[in-house]
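*Asks:* Dropping a prediction and its sequence here:
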Amino acid sequence: MALTVQTVEPGSVAQRLGLEPGCRLLSIDGNPLGDALDYQFYTAAASFSLTICQQGTQRTLQVEKAEYEPFGCDFKTYLADEKHSCDNHCMFCFIDQLPPGMRDPLYFKDDDERLSFLYGNYITMTNLSDREVERIVKMHISPIFISVHTTNPELRVRMMANKRAAETLRYLDVFAKGGIEMNCQLVLCRGVNDGAELRRTLDDLLALSPQVGSIAVVPAGLTDYRDKLFKLTAYDAQSAAQTLDILESYSRRCREQYGRSIVYPSDEWYLTAGRPIPPADFYDDFAQLEDGVGMWRRYHDTFLEELQRPRQLVIPRKLDVVTGTLAAPLIEAMARRATERFPQVKITVHPIENRFFGGNVSVAGLVTGTDIIDQCRDKLQSRLLAVPQVMLQDEEDRFLDDVTLPQLGQALGCRVVVIPSDGAGCCRAYLGTRILKTHAPGAPR
């Protein structure tokens, strides 16, 4: 195991020691270096012994520096090696439900404990080795995000189509005893791991408190491309309400016992069941916001808070906004509130039905450019179209279907702007004070 240096920061400790691109870092204080976490953890010390191989010669350097001072090496990737891929074939996997012909990176399934710590990605633990688990505890890589789905060993094997899905459940106990905080995720499949199985899973996870800091529970997303996959049925209002009854009963119990909800249903349960979204204090610190848990409440409250701020001048303007059908009632309500306070601002919201993926896919983050073009052509009320940032992938100017923002503007004959997806940022964008990107109009309509 070794890390190959790609660049050395000018003036850094590494440069002063004579390290150059191509140098291989072998070990620190006898600990082998396999990735960026090893590198960052062991180079944080004020003093250590570094073994390298440079120009075919292996030697050991004694390093003295300020504690936590960056050592100064960069690598080909931010992980210093390749992402760890998923070994499972989950019955609900969204990537297995993608249509053909999309960009290759979209079909890659990551299951990398380093990305869990660094970026909040979920891991299933099925590709972890005992050595990697020991490293997580030793380095106190915390918190980590874990896709559990069920604590029934036999059911977890069936849901994930991986024999290791059962045996790796023991890592939950190892992490808990090692003081690692776990944010867990349960993707529920109707009639499979809900009902009594859901109660069992919640009981097992809560037995690991306080190390299980949160449990996000979301319904499986189903597209029209489930050919030859396990037959699943989407939740309807009744089944969503029944599941929500279970989840809310556990949330109440946790608040009484721990002072926190811990069990957090995603927004989809409330919207599908036709129930009001809980107040902000239900979500505590919004630990699972990126999993769609509390996003509706956060957007609503921050939008209205921003709207009440005093402003010297709001210039008259008209704009059109696109969103997914799930969030449409909220976006439309906030747009009305903005217009009521500032009548000179006219906002038209266009809920975009996801025909590209089909199924029960309704979130804004999966809206495609093709669907926007098809459903907004000749329907825009202005020459300015606002697209929330969440619809664009990898910080690029393109949607999941490869339609770019300039192509969207050209097809609709309008100027396209990218606006923040959070409530406060969106409010500022409506009022003309926060635009992330703008693209000139295409051909006249």
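*Replies:* Yep, that arrived.

*Asks:* only C-alpha atoms for contact and neighbour calcs from this point on.
*Replies:* Will do.

*Asks:* for this protein, what helix or strand is lowest in average pLDDT?
*Replies:* Ranked by mean pLDDT, DSSP states H and E, the weakest helix or strand in the chain is helix 113-119, scoring a mean of 49.

*Asks:* give me the low-pLDDT residue ranges for the stretch 101-250 of the chain?
*Replies:* By pLDDT under 70, the low-scoring segments of the stretch 101-250 of the chain are 101-120.

*Asks:* What is the strand or helix carrying residue 374 packed up against?
*Replies:* Under the criterion of DSSP states H and E, residue 374 resides in helix 369-376. Helix 369-376 sits against strand 345-352, helix 405-412, with contacts defined as 3 or more CA pairs under 8 Å, 6 or more residues apart in numbering; DSSP states H and E.

*Asks:* Please repeat the previous calculation with a cut-off of 10 Å.
*Replies:* Based on contacts counted as 3 or more CA pairs under 10 Å, 6 or more residues apart in numbering; DSSP states H and E, the elements that helix 369-376 packs against are strand 317-324, strand 345-352, helix 405-412.

*Asks:* Between the ones you listed, which one is closest to residue 89.
*Replies:* Of all those, strand 317-324 sits nearest to residue 89, with 27.9 Å by CA to CA.

*Asks:* got the angle for that closest one vs helix 369-376?
*Replies:* Inter-element angle recorded for strand 317-324 and helix 369-376: 120 degrees (by axes from the mean of the first three to the mean of the last three CA atoms, to 10 degrees).

*Asks:* coming back round to it: can I get the helices and strands packed on helix 369-376 in CSV with mean pLDDT?
*Replies:* Output for those, formatted as CSV (pLDDT from 0 to 100):
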stretch, mean pLDDT
strand 317-324, 96
strand 345-352, 97
helix 405-412, 94
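
*Asks:* among these, which is nearest residue 66?
*Replies:* Across the helices and strands packed on helix 369-376, closest to residue 66 is helix 405-412 (CA to CA), at 46.3 Å.

*Asks:* Restricting to C-alpha, output the closest one in CSV.
*Replies:* The C-alpha trace of helix 405-412 is given here as CSV (Å, rounded to 0.1, in the frame of the first residue of the first chain):
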residue,chain,number,x,y,z
LEU,A,405,-28.9,25.2,-19.4
PRO,A,406,-28.0,27.0,-22.7
GLN,A,407,-30.0,24.3,-24.6
LEU,A,408,-32.9,24.8,-22.2
GLY,A,409,-32.9,28.5,-22.8
GLN,A,410,-32.7,28.1,-26.5
ALA,A,411,-35.6,25.6,-26.6
LEU,A,412,-37.8,27.9,-24.6
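
*Asks:* Any idea how far that helix is from the middle of the chain?
*Replies:* From the chain centre to the centre of helix 405-412 is a distance of 27 Å (CA atoms, centre = their mean, to the nearest Å).

*Asks:* What of stretch 382-397?
*Replies:* Going by CA atoms, centre = their mean, where stretch 382-397 is centred and where its chain is centred differ by 18 Å.

*Asks:* residues of that stretch that come out buried?
*Replies:* 383-392, 397 (16 or more other CA atoms under 10 Å).

*Asks:* does the residue positioned nearest the centre of the chain sit in a helix, a strand or a coil?
*Replies:* Centroid-nearest residue in the chain: residue 290, 4.6 Å away (criterion: CA atoms, centre = their mean). When classified by DSSP: H, G, I helix; E, B strand; the rest coil, residue 290 comes out as helix.
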